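Asker: coordinates only, sequence not included:
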């Protein structure tokens, strides 16, 4: 079993749609959780850190369920510019090591 | 967040040669890391670059193949030695910053390596 698993995608949605990405992690000792966004041929950029109580940043909402070892990202009112690969990332707690999921590709169409 | 630069941005190298990638940060950081992203794959941690001591390598990566230097708190190098086509990848450095008590990592623009 992979340490971090994500929906395989790709997700093809129209502009204005709401889309949700799910992610599970296997190490119950994981301490920090993140969503990164990676555009084609670019480096990953931190989108959101995920806090225990869940957090919202504009159109983006991230939630964490430690009991189920599950993380989610909700994007409302999708824009064309949201098209990218979204990476679920978990800090294993071992000296800052990040474990990356395989990523979910999102394509927002006009 | 810190501004991170990498050199070179890309290179095409012949098998058997070595390439050294540089990572420069505009502020002092304690933690620096080197990752690899193979074509169509996600990122994998190669090693943690420790200032003043040997790097800490992840399983599957060894110092002879990926020697790392960290002479100060703003700079690190990763060398890919005796390259083969399987080393064709994007190599990224990252730095850690503490934001509201949370340890967050930020990535450099990456070095795209092709080995022929």
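Answerer: Thanks, I have the structure now. The model shown is predicted, which means the values in this text are computed figures rather than measured ones. Numbering: from 1, shown residues only, chains lettered A, B, ... in the order given.
Asker: switch to C-alpha atoms for all contacts and neighbour counts from now on
Answerer: Noted.
Asker: list the contacts of residue A:82.
Answerer: A:106-108 (C-alpha atoms under 8 Å, 6 or more residues apart in numbering or on different chains).
Asker: burial count for the closest residue to residue A:32 other than its chain neighbours?
Answerer: Nearest residue to residue A:32 in three dimensions, chain neighbours excluded: residue A:91, at 5.0 Å (C-alpha to C-alpha, 6 or more residues apart in numbering or on different chains). A count of nearby residues for residue A:91, using other C-alpha atoms under 10 Å in any protein chain shown, gives 21.
Asker: what does residue A:76 give?
Answerer: For residue A:76, using other C-alpha under 10 Å, the count is 16.
Asker: and what of residue B:27?
Answerer: 13.
Asker: contacting residues around it?
Answerer: Applying C-alpha under 8 Å, 6+ apart, the residues near residue B:27 are B:2-3, B:73-74.
Asker: tell me what the residue nearest the centre of chain B is bridged to.
Answerer: Geometric centre of chain B, nearest residue: residue B:34, 3.0 Å, by C-alpha atoms, centre = their mean. Beta-bridge pairing for residue B:34 (DSSP bridges): residue B:47, residue B:93.
Asker: verify the stated contact: it with residue B:49.
Answerer: Yes. Counting by C-alpha atoms under 8 Å, residue B:34 touches residue B:49, with 7.3 Å between them.
Asker: now the residue nearest to residue A:32, which residues is it bridged with?
Answerer: With DSSP bridges as the rule, residue A:91 is bridged to residue A:32, residue A:98.
Asker: that one and residue B:23, how far apart?
Answerer: Noted for residue A:91: a distance of 22 Å to residue B:23, by C-alpha to C-alpha, to the nearest Å.
Asker: tally of neighbours for residue B:110?
Answerer: Neighbour tally, residue B:110, other C-alpha under 10 Å: 29.
Asker: ok, it - contacts?
Answerer: Counted by C-alpha under 8 Å, 6+ apart, residue B:110 has contacts A:42-43, B:6, B:9, B:90-93.
Asker: for the contacts of residue B:27, work out which two are farthest apart.
Answerer: Spanning the widest gap among these are B:3 and B:73, at 13.5 Å by C-alpha to C-alpha.
Asker: just to revisit the earlier point, quick one: the residue nearest to the centre of chain B from residue A:51, how far?
Answerer: 26 Å.
Asker: can you check residue B:35 too?
Answerer: 25 Å.
Asker: between the two, which is the more surrounded one?
Answerer: When neighbours are counted by other C-alpha under 10 Å, residue B:35 and residue A:51 differ, and residue B:35 comes out ahead with 21 against 16.
Asker: what's the closest non-adjacent residue to the more buried one?
Answerer: Counting by C-alpha to C-alpha, 6+ apart, the residue nearest residue B:35 is residue B:45, at 4.4 Å.
Asker: which SSE is that neighbour in?
Answerer: strand B:43-49 (DSSP states H and E).
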